[in-house]
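1. pasting a predicted model and its sequence here:
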Amino acid sequence: MIVLKLSGEAFGGGAEPLQESKIDYLAEEISQVRDCRFIIVPGGGNILRGADLKSRGFNPVEADYLGMLSTIYNAVSLKNALKKRNIKSVVMSQLQVDKITSPYTPDEALKKLSEGFIVIVSCGTGNPFVTTDTAAALRALEVNADILIKATKVAGVYSDDPEKKPDAVFYPRITYREAIEKDLKVCDQTALSMLKESGIDFFIMNIFEKGNIKRACEGRCPGTVIVR
């Protein structure tokens, strides 16, 4: 069982927030994986970030809800790209948008997985002030996943931002406790704290390197693995 967190930037950005070539690339990469059950948790930063609205004076709660709704765009776009490849998927949501999503529950997600569907869960946890990293960690814990994958634009976990500091140290393997103590900006600290006592391996990898999703689903971490 795999939970795959996809950053919003994997879907597009800037003037083209839903970039067809990127979404097709994601669907093609996923289609290469065989005999694996997937729950996918998309971010929404390519469409809208709640933090950006807060900086403009929006009510913080409403800003976060708008950020959550942006993840539905990515979820439905990915569903349609998968359909072109004859891959069954269903979009579930933590917020009620019943025309294009169904309500998420762990039991319903597991049922759909057993029927051969990929489950795409949008709208984070459905609560403000919670990141999609934490939502992905919660999904992984709820369904007793084997691996949680965070697919982003970086190769893995570094001691600092490698784009700003070229001498940043790369960690191919690290424990949850070490990641928390070093305050590494790998993901939300709440997510790390939730996972640290679990037996779930957490892979951080570059989504834009072809074949990485397949490698990760086969248990071969192409980036950094965080372990108990």
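-> Looks like it arrived, so ask away. The structure displayed is predicted, hence computed values, not measured ones.

2. against which helices or strands is the helix or strand of the chain with the lowest mean pLDDT packed?
-> Between all helices and strands in the chain, the lowest mean by mean pLDDT, DSSP states H and E belongs to helix 50-55, at a mean of 90. Packing contacts for helix 50-55, counted by 3 or more C-beta pairs under 8 Å, 6 or more residues apart in numbering; DSSP states H and E, involve helix 60-83. C-beta: built from backbone N, CA, C; applies to glycine.

3. pull out the buried residues from the helix it packs on.
-> Neighbour-count burial for helix 60-83 flags 63-79, 81-82 (criterion: 16 or more other C-beta atoms under 10 Å).

4. how much space separates the closest residue to K54 other than its chain neighbours from G126?
-> Spatial nearest neighbour of K54, chain neighbours left out: A63 (4.8 Å); criterion: C-beta to C-beta, 6 or more residues apart in numbering. In this view, A63 and G126 are 15 Å apart by C-beta to C-beta, to the nearest Å.

5. which residues in this structure form helices?
-> 20-31, 50-55, 60-83, 106-114, 132-142, 176-181, 189-195, 212-217 (DSSP state H).

6. deepest-packed of these, please.
-> Among the helices of the chain, helix 132-142 has the highest mean neighbour count (mean count of other C-beta atoms under 10 Å), at a mean of 24.

7. which residues sit against it?
-> For helix 132-142, contacts defined as C-beta atoms under 8 Å, 6 or more residues apart in numbering pick out 3, 5, 39, 41-44, 71, 94, 106, 109, 121, 124-125, 145, 148, 150, 187-188, 190-192, 194-195, 198, 200.

8. just the CA coordinates for stretch 187-201, please, in CSV.
-> Coordinates of the C-alpha atoms in stretch 187-201 are reproduced here as CSV (Å, rounded to 0.1, in the frame of the first residue of the first chain):
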residue,chain,number,x,y,z
CYS,A,187,8.0,18.6,5.2
ASP,A,188,5.7,19.8,7.9
GLN,A,189,7.0,19.0,11.3
THR,A,190,3.6,17.8,12.4
ALA,A,191,3.7,15.1,9.7
LEU,A,192,7.1,13.9,10.9
SER,A,193,5.9,13.8,14.5
MET,A,194,2.8,11.8,13.5
LEU,A,195,4.9,9.2,11.7
LYS,A,196,7.9,8.9,14.0
GLU,A,197,6.5,5.9,16.0
SER,A,198,5.0,4.2,12.9
GLY,A,199,6.6,1.5,10.8
ILE,A,200,6.0,3.5,7.7
ASP,A,201,9.0,4.4,5.6
